[in-house]
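>>> Next input, structure requested:
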Amino acid sequence: MNDAAIKRVGNLAVVLDRQTRMLRTAMGPAIAAALEDPEVVEVLLNPDGSLWFDRLSSGRTPSGLKLTPHDAERIIRLVAAHVRIEVHPGAPIVSAELPATGERFEGVLPPITRAPTFAIRKRAVGVISLAQYVIDGILSEEQALALRDAVRERRNIVIAGGTSSGKTTLANALLQEMAATGDRVIILEDTVELQCMAKDHVPLRTKPGVASLRELVRSTLRLRPDRIVVGEVRGSEAIDLMKAWATGHPGGVATLHAGSARGALTRLEQLIQEVVVVVPRALIAEAVDVVVFICGRGRARRVDEIVRVVGLDADGYALEPISQPNGVSP
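Prediction:
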């Protein structure tokens, strides 16, 4: 890189830093402080103007502060301007990443809400290892060993849970284990949240009107993947991922919303039904090797189930518990 190129990169970094500081300032001191606080994982504004903070230690609690509709709308419009998205009554939704810092922002304006509303979810500042999960009581020693074995043995793993249960954070822990394998990892996301330390990895992300997650899954097969990782399965890409996992690309990880390990497989069926009439249960049973269910929020999170998918039976999917939260084998 020549001196001119280095100078351009430096100037761009300065501009991005200035934009970030301006946006933080425009959001006001309370939100700016919350975004800097490592305890706060999410900032939420309701239509009544009440500001809520989701903290690791205490969960979601009201801050006691209020924003006027004018200030709330100004923040949403500023974010839209920074990421060059149009927002108006005909297009009242802003889904974006905040520049430089990468927080996930979702803003909504009338007429689909009574008053401006938004949520800001912070990115993890670092990767929590499986060893740390054990120290924190989220995993038992046996569960951690089962997950390490699943990664090493190239099992396809689905991580299921509710909103803010820590699915992505656990996926990052598995990616850390995956980095030691030397495999080529392709990561597909709508929003950049996964952190991969593998030397040979390719991150891809969707872009509305340009590339959907389903299109990325199909493209991935031509990028010589050893492992295919999807940040969150939420649509028809589920069928393409199952086909990819079952046809020579084992060892992947994906997250999805579900209320139990078995419920995760039902959720996959529901997503696949968006594009096919008959759900290919045999394909799902072949493609998914392990399902992990994580529940709770903040410091109350725990891995409640880890099961192996061993095939189909009269009741649907045949599941075998791999380990229990207390570390006692079933």
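
>>> if I pick the nearest residue to residue 101 once chain neighbours are set aside, what's in contact with it?
Nearest residue to residue 101, sequence neighbours excluded (C-beta to C-beta, 6 or more residues apart in numbering): residue 20, at 6.0 Å. Where C-beta positions appear, they are placed from N, C-alpha and C, glycine not excepted. Going by C-beta atoms under 8 Å, 6 or more residues apart in numbering, residue 20 touches 98-101.

>>> From those residues, pick the one nearest residue 107.
residue 98 (11.0 Å; C-beta to C-beta).

>>> and residue 71, that's in a helix?
Yes - using DSSP: H, G, I helix; E, B strand; the rest coil, the assignment for residue 71 is a helix.

>>> quick one: pLDDT of it?
What the model reports for residue 71 is a pLDDT of 94.

>>> Could you do the one 5 residues further on as well?
Predicted confidence (pLDDT) for residue 76: 95.

>>> again with residue 60
86.

>>> what kind of secondary structure is it in?
With three-state DSSP as the criterion, residue 60 reads strand.

>>> ok, the nearest residue to it once chain neighbours are set aside - contacts?
Using C-beta to C-beta, 6+ apart and skipping the chain neighbours, the partner closest in space to residue 60 is residue 54 (4.4 Å). For residue 54, the contacting residues are 40-44, 60-61, 164, 297-298, by C-beta under 8 Å, 6+ apart.

>>> now residue 156
245, 250-253, 287-290.

>>> mind giving me TSV with those residues and columns for pLDDT, distance to residue 323 and neighbour count?
Shown next, in TSV, are the contacts of residue 156 (pLDDT from 0 to 100; distance: C-beta to C-beta, whole Å; neighbours: other C-beta atoms under 10 Å):
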residue	pLDDT	distance to residue 323	neighbour count
245	95	22	24
250	94	21	17
251	96	20	23
252	97	21	26
253	97	18	28
287	97	22	23
288	97	17	25
289	97	15	20
290	98	11	22
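
>>> my guess is residue 162 contacts residue 259, does it?
Yes - assessed by C-beta atoms under 8 Å, residue 162 is found in contact with residue 259 at 6.9 Å.

>>> Name all residues that make contact with residue 50.
So, once contact is read as C-beta under 8 Å, 6+ apart, residue 50 ends up touching 62-63, 65-66.

>>> do you know how far residue 72 is from residue 31?
Distance, residue 72 to residue 31, using C-beta to C-beta, to the nearest Å: 11 Å.

>>> on that earlier part again, got the contacts of residue 54 as TSV, with distance to residue 116, secondary structure and neighbour count columns?
Listed next are the contacts of residue 54 as TSV, based on distance: C-beta to C-beta, whole Å; DSSP: H, G, I helix; E, B strand; the rest coil; neighbours: other C-beta atoms under 10 Å:
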residue	distance to residue 116	secondary structure	neighbour count
40	21	strand	19
41	22	strand	23
42	17	strand	19
43	14	strand	24
44	13	strand	18
60	19	strand	14
61	21	strand	11
164	22	coil	18
297	25	coil	19
298	27	helix	17
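
>>> Which helix or strand contains the residue nearest to residue 60?
Assigned by DSSP states H and E, residue 54 falls within strand 50-55.

>>> what pairs with that strand, and is each one parallel or antiparallel?
strand 40-45 (antiparallel), strand 59-66 (antiparallel) (DSSP bridges).

>>> Show me how far it is from its chain's centre.
20 Å (C-alpha atoms, centre = their mean, to the nearest Å).
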